[in-house]
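Q: when you get a sec, could you give me coordinates for this:
(chains A, B and C)
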Amino acid sequence: MASPRIRSIGVLTAAALAAAALAACGSSSSSGSSAPGVTKTSITFGTHQPLTGPAAPGYSEIAPGSQAFFDYVNAHGGVFGRKIHLTIKDDGYNPTNTVNVVHQLVLQSNVFGIFEGLGTPTHTKVVGFLNASKVPDMFVASGCPCWDKGTTQPYTFGWQPNYTIEGKILGQYIKQHFAGKKVAVLYQDDDFGQGGLAGIQDEVPASQIVAKQAYQSGVTTLAPQITAIKASKADVLVDFTVPIYTAIGQLTSFTLGYKPQLVVSNVGIDPTTVGGLLKTISKGKASGTGLIEGAITDGYLPSPTDTSNPWIQLFMKIHAQYDAKAPFDGNVEYGMANAYTLVQALQAAGKNLTRQALINAVNTHGASWTGPGLVKYRYSSSDHGGFDGAEMGQLRNGKIVLFGGAKSTDPSTSGAITPVTLSPAVPPANGVPSGQ
Amino acid sequence: MSALAARAKLPRSTMLRSLALVVLVGVVLLIVSYQLGPFDDLQLANGAFYFAVLAGLTMLAGLSGQISLGHGALMAVGAYTVALLIGNEGWAVVPALAAATLVTAIVGVPVGVAASRLRGPYLAGATLAFAVGLPAVADKFSGTFGGENGLSINPPTPPSFLGASFSIEQWEAWIACAGALVVLFVLWNLTQSGLGRSMRAVRDEEIAAALCGLRVGRTQAFAFTVSAACAGLGGGLLALVLQLAQPGAFPLQLSLSLLTGIVVGGLGSLAGAAWGAAVLVLLPRWTNDLAHSFSLSNNVSSNLPLAIYGVVLIGAMLVWPSGIQGGVRALVGWALRARSSREKD
Amino acid sequence: MTKFIDLTLNGISTGAIYAAVALSLVLIWRATRIVNFAQGAMLMFTTFIASAVINSTGSYVLGLLVALASGLVLGAVVERVVMRPVESAPPLNAVIVALGVYTLLVAVAGMIWGNTPRSFPAAFSLRGYEVGGTRLLFSPNDSFIVLVVIAAALGLALLFQRTSLGLRMRAAAFQPEVARMLGVRVGQMFTVGWALAAVAGSLAGVLVAPSVFLGPNDFDPILIIGFVAAVLGGLDSPPGAVVGGLLAGLALSYVSGYEGSSLVPLAALVLLVAVLMVRPGGLFSASKERRV
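A: Sure, this is the predicted structure:
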């Protein structure tokens, strides 16, 4: 050991140097203006995404998809002459990083707001900070019902239909079309899976549910779960799984020769992703979706493979121009549709853009907006939930085909499920939404 | 000559000397915290709680020769304790942190006893399993521990005498730095004491040490428990600063980062732990900024920070095998030798 | 009863993979006294290369051979360039360098091939064997995996025990100075050790990729359990690696099947600690215990 004197110098130097390095890296504190992140020519939003790490697959395409839509809007003059910039920060799905990254975006980069923050365990840790700092927290990329608290979290808005709503709609379909059959549920052991399971249990009689198997995200095999489900002789298997686990579950079922009717959450059924993972064992079938053919699912946006839909045509055009490297799938469509909603909100907030104006715009006008969505938004000063329902769908010939008309409901146990008559909206002529 | 004379006036007693140093560092950090904006204060707070853990870990690995891959899990114990006490039971900050330290030390006792029987990679394997296994308890007993979403607590509010404009981030930095200074004081004295010498003896020549009457197993277990206490305090400070306690915040990657911090900073020295804390906080930021200063395709730009980080780790170990503190020490030693050889002329 | 049989079969097939990873870790430890935390990333990388070859040529065998060959090269290069300077440094330095290699390989794989996992073909059919009207959770591909791993373990054991190359490798690891004096090219032995270990790892990667899919981070859990298995069996013992792997596979399968998947990491911890408390050097070691 060096002499204590040298060690004293060492510790002192280290502390001072580290602090000085921080100060050198540090930049100005908040500019103190009433609208940080807004200038005459630009609006800057920030987002936290799992760009790397185990949660990256699929999700890492969402923010680039949004960015592509913003690039398109900017090329058409932006919103009231302001170009929209999205600063994407990687948090690796680790909430420690999420907290640091969001603090950096708000305190150092002075963004106007946070958009499309991804993940429930990650985003729940910054909601308090964002609302306390009165920073708009727009359209969180997660289906947790916890964003829907307009009175206590006025700055946070959800967007996609939450998992319980989805579970209820799928559950109603099962109750109506698979009456008397045995039902098993395979679900991810977090908000997503537990929320979906709750929705299923709201609608499907308990006597029909013969197995409930959970898995931790990160496991490499679902053999124990699928074995148990097969042993329960279930005719219907409900999957509240992300695409990797939908695929692993199907692989195991294939080995076991188990072929139940699949009902899969919209989160876990994207045919491009799941088909890509199952490609090499579905020999002879073109898209690799042979093992999930016939699966029942739901959707709240047009199917990404439905090239006759004008919204899909618009998004594919934008994708080819601004985000061509990634395949066009449900993740990219999600990012673009969410970005569309943000642009609608910015238009409705008006030329004099402040944070409060944006919040008021969504509260006042949000419920009447139309866009690629198949159902309406639940936006008001007390409801911040986003899409309120979905339409049933089925995987036919490798594509998701929606049928039966959209249904809407609310996340409560007793909330009824009602059909929605919404005439499909047509994209605006140049693809850029107005605030109507 | 006068500089040497001034240094000779430092108090002889270790405890007084360390107290003087701690006060000095504390004053410097206080001044610095006023110069930094709120985000950088948050980063300072991060650095402080990392220092608390790293100091204990570097003592364990460097002085006591035990490699632990499980300190991330021990931080989790401290974090959850603080989150439960402050969030559910409404305790105040200081008692909650003290409790977190104590609880983690208690958890550290059986782990330390088990660890004292293992050597080298076997200890590494067992602590790795511990790092992966313990956070799973939070999922199993999700009623108490909040499952995947974990627990949240409200941020600590600064006392009113500091004024209404005193930022929360600066207050968090003060609390975290105070904790780090406590760790610095305690460990400095511990490593200079008879206990520190026992640890070094056991690390270097176990059999000889046993022959001299040192209780090898007990020394190892005690070292582990102390480092666990430091990790518990660090974890408690993390919960306070980030207002979260969640399995996703304590992955295996965290324990591996802690190891990286102590080795790159300089194994076995408290200054090395300080460097390591700075590296853990600043390096990801620098690699991210560097990577985004080029405009590259999405795949490349999102993975580039990691690639740079990997290269830096490899490079640092090849260029500075004794870590940053080793490099600093060599520099200071060279400067002092050059000065004294000039003075001889 | 079917559940027990299926869980056992699943434990054997997953255990074989863990055994293969454990074998490669044991190899490196025996050859250079370093624990290679980059092993998972290295085998992920070579499996990606194999996938690229299979996609462009359509030949599984060619892909497998390329995987093994690239493993050989990667292992040798990593040892020679990056690990050699730290082999004489404190052991923790080698750990940090290995972590750096791991981070770098994962990042480069993400840059080249993207973060979306892709499928990887299996050598044989994945449809389970049919016994008495039910399909078992064991397919021809699983049989292939188990047989290959056992063959590899036997081959390595023979190499170390019966050949002069193995003797030289062991000498270089235990007493490099003495071995040098006796004419052993110690540096070369280290490189051979790493290269062989990387080949074993590449084999494991190609065998497991069909069921866990191929992505930059997808092999991390395999490496963690493989390391636990290696420690369980004793880091100096190739048969220990196989036994450790099988034991880990079976234990985790039963726990997941009967108790639920949230307890699996805890089960791994309990198993490992239980074994190490009785045998601190792993199952197949001859260490003395230490009393507190």
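
Q: drop to CA atoms for contacts and neighbour counts, all remaining ones
A: OK.

Q: so where is chain A shaky, pLDDT-wise?
A: Along chain A, the parts satisfying pLDDT under 70 run over A:1-34, A:281-288, A:435-436.

Q: grab the most central residue of it for me.
A: A:A141 (3.4 Å; CA atoms, centre = their mean).

Q: that one and chain C, how far apart?
A: With distances taken as CA to the nearest CA, to the nearest Å, A:A141 is found 19 Å from chain C.

Q: tell me the SS of the closest residue in space to B:G62 that isn't next to it in sequence?
A: Ranked by CA to CA, 6 or more residues apart in numbering or on different chains and with sequence neighbours excluded, the top spatial neighbour of B:G62 is B:G268, at 3.9 Å. Here B:G268 is recorded as coil under DSSP: H, G, I helix; E, B strand; the rest coil.

Q: got the phi/psi numbers for B:G268?
A: phi 90, psi 0 (degrees, to the nearest 10).

Q: still on that earlier bit, how close does the residue nearest to the centre of chain A get to A:A406?
A: From A:A141 across to A:A406, the span is 21 Å (CA to CA, to the nearest Å).

Q: pass me the low-pLDDT residue ranges in the stretch 51-200 of chain B, would you?
A: In the stretch 51-200 of chain B, no residues with pLDDT under 70.

Q: mind running it again at 80?
A: Low-confidence segments of the stretch 51-200 of chain B (pLDDT under 80): B:162-165.

Q: from it, which residue is nearest to chain A?
A: Nearest to chain A, among the residues of the stretch 51-200 of chain B, is B:N149, at 4.6 Å (CA to the nearest CA).

Q: burial count for that residue?
A: 24 (other CA atoms under 10 Å in any protein chain shown).

Q: and the residue of the stretch 301-436 of chain A found nearest chain C, how far from C:D218?
A: Shortest the stretch 301-436 of chain A-to-chain C distance, computed as CA to the nearest CA: residue-wise this is A:A326, at 9.2 Å. Relative to C:D218, A:A326 is positioned 20 Å away (CA to CA).

Q: and what of A:G330?
A: Taken as CA to CA, the span from A:G330 to C:D218 is 22 Å.

Q: try A:G195
A: Distance from A:G195 to C:D218, by CA to CA: 26 Å.

Q: who's more crowded, those two?
A: A:G195 (26 against 22).

Q: which ones are touching the more buried one?
A: Contact analysis of A:G195 by CA atoms under 8 Å, 6 or more residues apart in numbering or on different chains lists A:C144, A:Y163, A:T164, A:G167.

Q: which ones among the residues you listed are found in helices?
A: Members of the contacts of A:G195 lying in helices (criterion: DSSP state H): A:Y163, A:T164, A:G167.

Q: just checking, what packs against the helix or strand harbouring C:V206?
A: C:V206 belongs to helix C:186-212 when assigned by DSSP states H and E. Packing partners of helix C:186-212 (3 or more CA pairs under 8 Å, 6 or more residues apart in numbering or on different chains; DSSP states H and E): helix A:243-256, helix C:2-32, helix C:39-57, helix C:60-77, helix C:164-174, helix C:176-181.

Q: most packed of these?
A: Stretch with highest mean neighbour count among the helices and strands packed on helix C:186-212: helix C:2-32 (a mean of 27; mean count of other CA atoms under 10 Å in any protein chain shown).

Q: what angle do it and helix C:39-57 make?
A: Helix C:2-32 and helix C:39-57 meet at an angle of 110 degrees, taking axes from the mean of the first three to the mean of the last three CA atoms, to 10 degrees as the criterion.

Q: just checking, what packs against helix C:2-32?
A: Under the contact definition 3+ CA pairs under 8 Å, 6+ apart, helix C:2-32 sits against helix A:223-231, helix C:39-57, helix C:140-162, helix C:164-174, helix C:186-212, helix C:220-233, helix C:238-258.

Q: weakest of those helices in terms of mean pLDDT?
A: Of all the helices and strands packed on helix C:2-32, the minimum mean pLDDT falls on helix C:164-174 (a mean of 85).

Q: and for it, what's in contact with it?
A: So helix C:164-174 is in contact with C:30-33, C:159-161, C:179-180, C:184-186, C:189-190, C:193, going by CA under 8 Å, 6+ apart.

Q: cool, and stretch C:101-113?
A: By CA under 8 Å, 6+ apart, the list of residues contacting stretch C:101-113 reads B:299-300, B:303-304, B:306-311, B:314, C:37-42, C:45, C:48, C:216-217.

Q: those: which ones sit near chain A?
A: B:N303, C:N217 (CA under 8 Å from any CA of the partner chain).

Q: any of the contacts of stretch C:101-113 buried? List them.
A: Among those, those classed as buried by 16 or more other CA atoms under 10 Å in any protein chain shown are B:299-300, B:303-304, B:306-311, B:314, C:37-42, C:45, C:48, C:216-217.

Q: so what are the sheet partners of the longest strand along chain A and their directions?
A: The longest strand of chain A (DSSP state E) is strand A:399-408. Looking at strand A:399-408 with DSSP bridges, its partner strands are strand A:389-396 (antiparallel), strand A:418-419 (antiparallel).

Q: which SS class is A:H85?
A: What three-state DSSP gives for A:H85 is strand.

Q: quick check, it in contact with A:S42.
A: Yes: between A:H85 and A:S42 a contact is recorded at 7.1 Å, counting by CA atoms under 8 Å.

Q: what about the stretch 201-345 of chain B, any weak spots by pLDDT?
A: Judged by pLDDT under 80, the stretches of the stretch 201-345 of chain B that qualify are B:292, B:295-299, B:342-345.

Q: for chain A, what are the nearby residues on it?
A: Checking the stretch 201-345 of chain B against chain A by CA under 8 Å from any CA, the hits are B:242-244, B:246, B:248-249, B:270-271, B:274-275, B:278, B:282, B:298, B:302-303, B:325, B:328-329, B:332.

Q: inside strands: which ones of these?
A: B:L244.

Q: among the residues of the stretch 201-345 of chain B next to chain A, name the buried ones.
A: B:242-244, B:246, B:248-249, B:270-271, B:274-275, B:278, B:282, B:298, B:302-303, B:325, B:328-329.

Q: which ones, among these, also lie beside chain C?
A: B:N303.

Q: what segments of the stretch 251-400 of chain A are strands?
A: A:261-264, A:296-299, A:377-379, A:384-387, A:389-396, A:399-408 (DSSP state E, counting those that start in this stretch).

Q: mean neighbour count for the ones you listed - can I get that in CSV?
A: Listed next are the strands of the stretch 251-400 of chain A as CSV, based on neighbours: other CA atoms under 10 Å in any protein chain shown:
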stretch, mean neighbour count
strand A:261-264, 24
strand A:296-299, 27
strand A:377-379, 24
strand A:384-387, 27
strand A:389-396, 24
strand A:399-408, 20
